[in-house]
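Student: The sequence isn't on hand, but the structure is:
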């Protein structure tokens, strides 16, 4: 069944020709490769330092891809109409996921430098680690990583491809198929993302455990993708694309979601902290003790204020959500806080006394970020920035906040 | 003895007619007038030229006030009025005080929303001249009304009635005070 | 107010959704007046015999509650099965069960409202009423669980003759605040939604008494748009406040358990897991009640299969989250390397209360899977049966959490098996009497469907604009 959709001017749905957009695929690649090479050089003497920095950068951009996957699949799951004109941007972010399978290689190789449980001598003297050995095992760790990347890449690429196919043939059945697959996709995503968070973040401190940890990582990644979607749409519009396709109504809604997930993140973070603080059981409290009774205390406070209190009050204001500068500042700020969150999760494992900024933090961020942007813009250059034949396109264009 | 009537009431059949009439009345410069509908018509405030409601401000102030009061009460009771160490925790155990602070904030905000709504819409009101009209009873069923008060500077009994009739009102009547 | 005319030409979609060819939210293309009539009918007609029979049944259960409470106060908490090590028995299970049910109302009225799910209009009033009655039932249990209910005022921060203040570091105190405030805010939300409908009842009342009563509670509402403007803003803000509130309330209930150091209770996923479970159970209760109401009061066109289909999907979604939490808990119990923690979970699945655990898994995780099939989501019989199973399963979930975690203490010498007494069962059944009595009275005297809101989603309520699309410009306060 073919569906009548409004016809969109082609200059509005294509990646802008002027500005940096067309140069980013090569430029980003160059910067990325240089960044990664520099990180490699910096890691020559002490690989553990560089690998920890790299892990933070890797997880930061990976979480954006995963957030994008969640955003896209949930739109199909709930059959959302309002979000159609911004969904393609999330689809592009999600389609970068296979890149991270490649970027995982340094971590897979450097596992011994990052994860304490890989040290056979440590395990030999530690009954708890011996108990966990059936799960925390290097071979299984790698196998699980492969499974995660297969799941994410399969979902990401399938949705990206199929959605783009609809631009050409305009079949409504495509939407129906993607809707029908969405429950399965969201379940696979939920399980794999939880275990990945356990594997790559929680097992940094192999004695520590928290059942909510998968949800915590999820909350942060959704904050990340919403900020990225706002920034992508704003900067594309500045360059002349998406004119009148993404309206203030869409930004307003993205802003509301950003507010909602900032609060959700705080709710999950507070639940985890308060329950562990309250019961005060040594093997759990050590996680917060390492981040409070040390030089990390100020970082912890900054995270609570910057990731929740400040954006909470700013995003409460309606005008901020309907205004370019306000949205831009809040989104950049929250992305920075999302990075800080991951930094705060990873780094106390390396620097026990307090944060110690390193050049490798910057180079790895530039390295992974450059490649991420290069792949993202390369994907964006292929075809439309909006699902042009989505049956719900009209609903999205006419969408108004109540 | 002729008493000044309260105003004029026009009855419409559909939301569209009312909408157009509202735009017309707004453009004619009336200020003391209102629309009465069985359900809220989305966006009618634009046709009427009304500003956004500021119930939000009441909610914000009372919400923050409630949260502060909740935290204050716990701080005062636990450190001043009855300091007692429980399970080795500090007297001012802020993480344990967050849930009640939050609940009190929501309570304040909800009270603000309700009282703000009542205050700004001048309710509860014992009686209103509009209830003198028998036809007006259908505002809560299936009819759409537009009322213009005689206190409006633009009001003129015949001209205003004509204006409303010209907008397709089914019925126009004078409402006694 | 700067508004820019769009240069795009977009015609409004004829159908609300081009993919699904959804059935109308309200079937049969009724007029505004038809809606008023359909909703007002149960309040104005002579009640059917079934209503009286059901009221009599509910009242007799309520009597059982009265007797149970009187005997409890006379004799003391020894009449229950609670004893060391299971010092929290049925009363706390019942408390959590009822509070959980009370969560669906606010989910439907507030969360779905924020997500612009217009189908909620047909069921939100009933769901909200159910919330209030469930919270009322829930509040009984902590109050009587103290053993000396006449001293319950000790729990409130009021100046007293002993110069004592409540111990705010106790999660049980958080509960007092959370549940009471939840009840109050839900009441405000419900009442705010009722005001226009009570005005409708006032305007069509045939007797002076009715006119006076409905008139009193409708506060002189006259549907003025200047009032609607504040009304809608207040309603939106209340929804915005109720959404985190609903999350917080069951989180606080979960804190009662999770702040402890008891294996099986102390786990960080409890807050979101309890919230999902609460919504899951509440939706099941909404389905159970709606299936009955729409048949008794002939509202099949207002509460149609579309509504049930959506609720069944929500049950499937929240049930899946609950299943996720069960799995995570079990896995981390092993992963933690804490032998006591893992023992508690092995004991749940294989110990003396394994029958309760597997009842819970069957009812909450296995049976709702039928809702993957559209046929099941649209069959009244299946919906009714599954909703009952979910209600049972969620009661057992709380039973499993409370009883199996306690009955095997750290010291094997204290191990015991828990058996409820006659009075445990009588009090629980009696609480259903309170719930059903309130609900039966509600459907007879209060409009059980939000009249104004349902009218607002009818096709003829939509004003078609002649101009194509108007977008507020940057910083615009347009809409």
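Tutor: Good, I have the coordinates. Quick caveat, the model's predicted, so the values are computed rather than measured.
Student: Could I get the contacting residues of the residue in chain A that chain B sits nearest to?
Tutor: Residue nearest to chain B within chain A: residue A:274 (4.6 Å; C-beta to the nearest C-beta). Every C-beta, even on glycine, is put in place using the N, C-alpha and C of the backbone. Residue A:274 makes contacts with B:95-96, B:98, C:255, C:259, as judged by C-beta atoms under 8 Å, 6 or more residues apart in numbering or on different chains.
Student: for chain B, what are the nearby residues on the stretch 251-400 of chain C?
Tutor: When proximity is defined as C-beta under 8 Å from any C-beta of the partner chain, the stretch 251-400 of chain C approaches chain B at C:251-252, C:255.
Student: Give me the buried subset of the contacts of residue A:274.
Tutor: Burial by neighbour count, judged by 16 or more other C-beta atoms under 10 Å in any protein chain shown, picks out B:96, B:98, C:255, C:259 from these.
Student: From those, pick the one nearest chain A.
Tutor: residue C:259 (4.2 Å).
Student: residue contacts, residue C:175?
Tutor: Going by C-beta under 8 Å, 6+ apart, residue C:175 touches C:142, C:252-253, C:256.
Student: Then residue C:126?
Tutor: C:286, C:289-290, C:293, C:443, C:448-449.
Student: buried set for the helix or strand where it lies?
Tutor: Per DSSP states H and E, residue C:126 falls inside helix C:124-145. In terms of neighbour count (16+ other C-beta under 10 Å), helix C:124-145 has its buried residues at C:124-142, C:144-145.
Student: Could you do stretch A:214-225 as well?
Tutor: Within stretch A:214-225, the residues that qualify as buried are A:214-225, counting by 16+ other C-beta under 10 Å.
Student: Can I get the residues you listed in CSV including distance to residue C:436, pLDDT and secondary structure?
Tutor: Formatted as CSV, these follow (distance: C-beta to C-beta, whole Å; pLDDT from 0 to 100; DSSP: H, G, I helix; E, B strand; the rest coil):
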residue, distance to residue C:436, pLDDT, secondary structure
A:214, 40, 97, helix
A:215, 37, 97, helix
A:216, 41, 98, helix
A:217, 44, 98, helix
A:218, 40, 98, helix
A:219, 39, 98, helix
A:220, 45, 98, helix
A:221, 45, 97, helix
A:222, 41, 98, helix
A:223, 44, 98, helix
A:224, 48, 98, helix
A:225, 46, 98, helix
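Student: any idea of the pLDDT on the residue sitting furthest away from the middle of chain A?
Tutor: Distance from the C-alpha centroid of chain A, by C-alpha atoms, centre = their mean, peaks at residue A:125 (36.9 Å). Note for residue A:125: predicted pLDDT of 94.
Student: Could you do residue A:48 as well?
Tutor: Reported pLDDT for residue A:48: 94.
Student: what about the nearest residue to it once chain neighbours are set aside, which helix or strand?
Tutor: By the measure of C-beta to C-beta, 6 or more residues apart in numbering or on different chains, the closest residue to residue A:48 outside its immediate chain neighbours is residue A:113, 4.3 Å from it. Element membership for residue A:113, per DSSP H and E: helix A:111-114.
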